[in-house]
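>>> return a 3D structure for these sequence lines:
(one chain, ligands or ions: 1)
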Amino acid sequence: MIQPGKVVVIGAGFVGSTAAYAMLIEGVAREIVILDIHKEKAEGEALDLEHGMQFVPGAKMSFGTDYKLVKGAQIVVITAGANQKPGQSRRDLFVINANIVKSIVKSVVAVNKECIILMVTNPVDALTYVAWKASGLPRERVFGSGTTLDTARLRFYLGEMMGVYPQGIHAYMLGEHGDSEFPGWSAASVGGVDLQKSKVWNTAKMEQAALKTKRAAYEIISRKGATYYAIGLVIARLVRDMLDDTRSIMPLSMVLKGEYGLNGVSLGVPAVLGASGAQIKQELPLNAEEKKKLRISAKIIKDLIDKL
Ligand code: NAD
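Numbers count the residues shown, from 1 in each chain. Okay, the predicted model is just below:
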């Protein structure tokens, strides 16, 4: 039986532990379980977080390596995976992480078929598809963080440029969480005004914001080795949307079944997120160039999936 508010984070690395930290500070969950193949790492993170309990809204913390811990979880967040080694190709990393994710998902559904699985491990789009296939669950309950982080980055850069708080801007990065992602300008607005028709529109400046967004992960990784604070906040927000049934619209990596003319692939498109998972309720009115970019992203992700 599902225990309301129980969230399991699989992978106690930078991303998993920061997500747990963000959830704890925000009081998102009633119980947070940290699971990792390295028990000591999971234990260390859980203990460190527990010791801050006096200063946060409060949640039960558990840790371990045993999938029995996944029983009753409402949400399972997968951040586990191998890191890219110097000289290792993206394809080789994908194959390694696909095998890790498949085995994790099979262990999850063996004890819990009612949970929602949120994929975060990269390459997140291809791995979302792999996780969905391995789970046997409906696509509404297996999806990835997609371009939510990239969209937050775009809104930050646009907001900075316009002198507006990012929440007032509605503009999505779409497609692959990776090099082929692109901004969906034709469906973007600021304060209710079509962004391209607004007084602040400046093609060169807007494209500069999109470029900074695309390069953001490289810029951070080259300086500090990994990105984790913003994705931690993204995860906490997506978990809250599910636990509180907020019905937020987020650009999640969704397995497509004909939407945008695409099939058999998962990529970042807006979906409504709530207690039963994520659903694509409507398609963005993309222009021809954007539709082409979405097809290119889909092909890149599909080519990776086909390599398995
Ligand atoms: P990390 O190396 O710090 O942590 C990975 C953790 O996974 C480690 O603790 C490791 O022990 C654990 N692990 C490995 N195999 C496991 C298994 N079979 N079962 C359980 N645990 C296992 O890496 P990180 O910096 O936390 O990043 C995690 C992933 O998140 C990476 O793939 C990274 O690229 C991705 N990421 C995604 C986004 C996004 O927007 N989707 C953003 C940032 C990072």
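
>>> gap between the two ends of stretch 168-179?
From its first residue to its last, stretch 168-179 covers 26 Å (CA to CA, to the nearest Å).

>>> could I get the buried residue list for that stretch?
169-178 (16 or more other CB atoms under 10 Å). Just so you know, the C-beta spots here come from the backbone N, C-alpha and C atoms, and that holds for glycine as well.

>>> now swap in stretch 182-200 and tell me
182-188, 190, 195, 200.

>>> any chance of these in JSON lines, plus distance to the ligand and secondary structure?
Output for the buried residues of stretch 182-200, formatted as JSON lines (distance: CB to the nearest ligand atom, whole Å; DSSP: H, G, I helix; E, B strand; the rest coil):
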{"residue": "F182", "distance to the ligand": "16", "secondary structure": "strand"}
{"residue": "P183", "distance to the ligand": "16", "secondary structure": "strand"}
{"residue": "G184", "distance to the ligand": "18", "secondary structure": "coil"}
{"residue": "W185", "distance to the ligand": "22", "secondary structure": "helix"}
{"residue": "S186", "distance to the ligand": "24", "secondary structure": "helix"}
{"residue": "A187", "distance to the ligand": "21", "secondary structure": "helix"}
{"residue": "A188", "distance to the ligand": "21", "secondary structure": "coil"}
{"residue": "V190", "distance to the ligand": "24", "secondary structure": "strand"}
{"residue": "L195", "distance to the ligand": "24", "secondary structure": "helix"}
{"residue": "V200", "distance to the ligand": "27", "secondary structure": "coil"}
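
>>> rewinding a little: filter the buried residues of stretch 168-179 by proximity to the ligand?
Contacts with the ligand within the buried residues of stretch 168-179, counted by CB under 6 Å from any ligand atom: H177.

>>> which one of the buried residues of stretch 168-179 sits closest to A73?
Nearest to A73 among those: H177, at 24.1 Å, using CB to CB.

>>> which residues touch the closest residue to the closest one other than its chain neighbours?
In this structure, H177 finds its nearest non-sequential neighbour in V124, 4.9 Å apart by CB to CB, 6 or more residues apart in numbering. V124 makes contact with 144-146, 177, 253, according to CB atoms under 8 Å, 6 or more residues apart in numbering.

>>> and the buried residues of stretch 168-179, which of them are in helices?
Per DSSP state H, helices hold no members of the buried residues of stretch 168-179.

>>> of the buried residues of stretch 168-179, closest to D92?
Closest approach between these and D92, by CB to CB: G178, at 15.8 Å.

>>> before we move on, back to that, now for the buried residues of stretch 182-200: which two are most distant?
Across the buried residues of stretch 182-200, the longest distance by CB to CB is 19.9 Å; it joins F182 and V200.

>>> V255: which element?
For V255, the element it lies in under DSSP states H and E is strand 248-257.

>>> contacts made by that strand with the rest, please.
Under the contact criterion CB under 8 Å, 6+ apart, strand 248-257 has outside partners 119, 124-125, 128-129, 132, 139, 142-148, 150-151, 172-174, 177, 237-238, 241, 262-274, 278, 280, 298.

>>> next: stretch 269-285.
Contacts to stretch 269-285, defined as CB under 8 Å, 6+ apart, come from residues 116, 138, 140-141, 143, 146, 172, 174, 184, 186-187, 238, 241-243, 245-252, 254, 256, 259-260, 294.
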